[in-house]
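Participant: Provided below for reference: sequence and predicted model.
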Amino acid sequence: MKLVRHEPLGVCAAVCPFNAPAATFLGKAAAALVTGNVLIVKPSEKTPLGTLALAPLFEQAGFPKGVIQVVTGPGETGALLSSHMRIRKISFTGSLATGKKIQIAAAESNLKRVTLELGGKSPAVIFDDCNLDNALTWTINAILARSGQVCVAASRLYVQKTIADKFIEKYVERMKAAAADLGDPQDMSVKLGPLVDQSQFERVKAMVERGREEAELVVGGVQHGETGCYMEPTVFLNPKADAEIYKKEIFGPVSIIKTFDTEEEVLAMANDTEYGLMSGVFTRDITRALRVSALLDSGVVGVNCVSYISVLVPFGGRKQSGLGREMGEYYLRAFTEPKTILINMNA
Amino acid sequence: MGENSGIDLSPDKFNKLYLNGEYVAARSKATYSLKNPKDNSVVLEGIPIAGAEDIDLAVKYAEEAMNGPWRKFTGMQKTECFNRLAGIMEEQLIPILTLDSLTSGNPVSLIPTREKNYIKNGLLYYAGWTDKQKGDYFPADDGKAANLFPKYLAMPLRIFLTPCEQDL
């Protein structure tokens, strides 16, 4: 007879991003704790405060002390976690470059288990039979939520030529209008905040500046106001095939639009990327939606929606967008390993 | 910050690590500061850059916790903890997310309310998983492997058994 048990890994570490510090911390903590592990959390050095405030609430809820701990610091602290010989698992959400360093350090130390939820350059494919308002609303929210600092942000838009003029006009109009929503993030009436810090702002600004040479800037492209890390919602059209803004994750309110004629053509363009986190397909044709969603090379595909995560179902990236899955039952497998018990029934 | 919060959320309380159930000063003396991206004003100085000694200590406490009462928690006890945590989030998460907004720049108008529900619902969802990780069972009656095995017991198994026959 054989039994297979799902057993906890033991001491796990979580390294969380700045864009959703509390949600990522509590998600990783839930999956780690429900499976019986303990967790050391390092929030992004940019956003440690909420995580530090949350930690004692676990004991208030009845979890024993030491089950959740928080350490602060930048990448050098993360490196100590990923190379530690007695940490058995590291769960990281953040940039591709850091994700690779974590996996290398994990491999070179004790082969600790690694899950990586990294970046994206997520395409939204908009066919001419879609509900145009629905497609506009989703794609606009998808690049403006958290000022575009979202791993699943729909930053590449492919619009079928038959509706391109109409869609692009409305999309650009809304992106232009959104600049007026930028303001003080601590003001309850403000909808759109700054980028997270000066270094991210400089990075995005420099990419956009270089993008002017490689694509047609339609709106935005500049700092908003004179103080703070505010970037205006920005749209580029028709980038060169290898343009940096078209190939690399920008992590700001910047989208790139291309047009297409056929399904085959758009699938080739949408999948020509090293990323594979999220895609969206907008159409009212159910068979096309299912066909295209099967062919889009990403961990998650939205049909008539995009840049959306459900806790019930696996979430994660193909190719260089990550390793492993979070959410749903799959999240539990990221914090357990099977143990097989072989029972000799003749003894 | 927030009338129901019941906890002190002034940022200057958080220039510490949280180890083994307590806010403690870091062994490492290296620190950095946090700024508000809306105007680059300083929110808090002296945030510790945890060093090797701090991480070793955290791992030591984590191992003790792993081998402590936590190991014996039943599924139902864990579910109760998760449900209580979700209740606490309902009360306290918005002021905490508002605190994070000071350095993330995420607008308080949208993020706290949206994130609060998302986070709370996630905790309630996982609360139900504590006693449902059933694993697998395979019966004893599974064909030739049981007969085969004693015969080849003394031989190097990998050489003689096909992948299928390696199943016990």
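Facilitator: In hand now; what should we look at? Residues are numbered from 1 along each chain as shown, chains lettered A, B, ... in the order given.
Participant: so who does the residue most central in space within chain A touch?
Facilitator: Central residue of chain A (Cα atoms, centre = their mean): residue A:151, 2.0 Å from the mean position. Residue A:151 makes contact with A:17, A:19, A:93, A:117-120, A:277-278, A:321, according to Cβ atoms under 8 Å, 6 or more residues apart in numbering or on different chains. Quick note: C-beta positions are derived from backbone N, CA and C, even for glycine.
Participant: let's see 7 Å
Facilitator: Residue A:151 makes contacts with A:117, A:119-120, A:277, as judged by Cβ atoms under 7 Å, 6 or more residues apart in numbering or on different chains.
Participant: Return the entry from these with the maximum number of neighbours.
Facilitator: Neighbour counts for the contacts of residue A:151 peak at residue A:120, which has 31 neighbours (criterion: other Cβ atoms under 10 Å in any protein chain shown).
Participant: still on that earlier bit, and the residue nearest to the centre of chain A, how far from residue A:322?
Facilitator: Separation of residue A:151 from residue A:322 (Cβ to Cβ, to the nearest Å): 9 Å.
Participant: got any residues that touch both of those two?
Facilitator: Contacts common to residue A:151 and residue A:322, judged by Cβ under 7 Å, 6+ apart, are A:117, A:277.
Participant: In chain B, mark out all the strands, start to finish.
Facilitator: Here chain B has its strands, by DSSP state E, at B:17-19, B:22-24, B:31-36, B:41-48, B:136-138.
Participant: burial of residue 57, as a residue count?
Facilitator: I went with chain A, as the question did not name one. If you count neighbours by other Cβ under 10 Å, residue A:57 ends up with 20.
Participant: try chain B instead
Facilitator: 19.
Participant: next one: the one 4 residues further on
Facilitator: For residue B:61, the count of nearby residues is 22 (other Cβ under 10 Å).
Participant: what's the pLDDT at it?
Facilitator: Note on residue B:61: pLDDT of 98.
Participant: picking that back up, now render the contacts of residue A:151 as TSV, adding pLDDT, distance to chain B and secondary structure.
Facilitator: TSV is the format used below for the contacts of residue A:151 (pLDDT from 0 to 100; distance: Cβ to the nearest Cβ, whole Å; DSSP: H, G, I helix; E, B strand; the rest coil):
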residue	pLDDT	distance to chain B	secondary structure
A:117	98	15	strand
A:119	94	18	coil
A:120	97	19	coil
A:277	98	18	coil
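Participant: Quick check: residue A:265 is in a strand.
Facilitator: No: going by DSSP: H, G, I helix; E, B strand; the rest coil, the assignment for residue A:265 is helix, not a strand.
Participant: Tell me the spacing between it and residue A:87.
Facilitator: Distance from residue A:265 to residue A:87, by Cβ to Cβ: 47 Å.
Participant: Comparing those two, which residue is more hemmed in?
Facilitator: Using other Cβ under 10 Å as the criterion, residue A:265 and residue A:87 rank with residue A:87 on top: 26 against 13.
Participant: report the angle between the axes of the helix ranked longest in chain B and strand B:31-36?
Facilitator: Scanning chain B for the helix with the most residues, using DSSP state H, yields helix B:75-104. Calculated by axes from the mean of the first three to the mean of the last three Cα atoms, to 10 degrees, helix B:75-104 forms an angle of 70 degrees with strand B:31-36.
Participant: In helix B:75-104, which residues are buried?
Facilitator: B:75, B:78-86, B:88-89, B:92-104 (16 or more other Cβ atoms under 10 Å in any protein chain shown).
Participant: Done for today, thanks.
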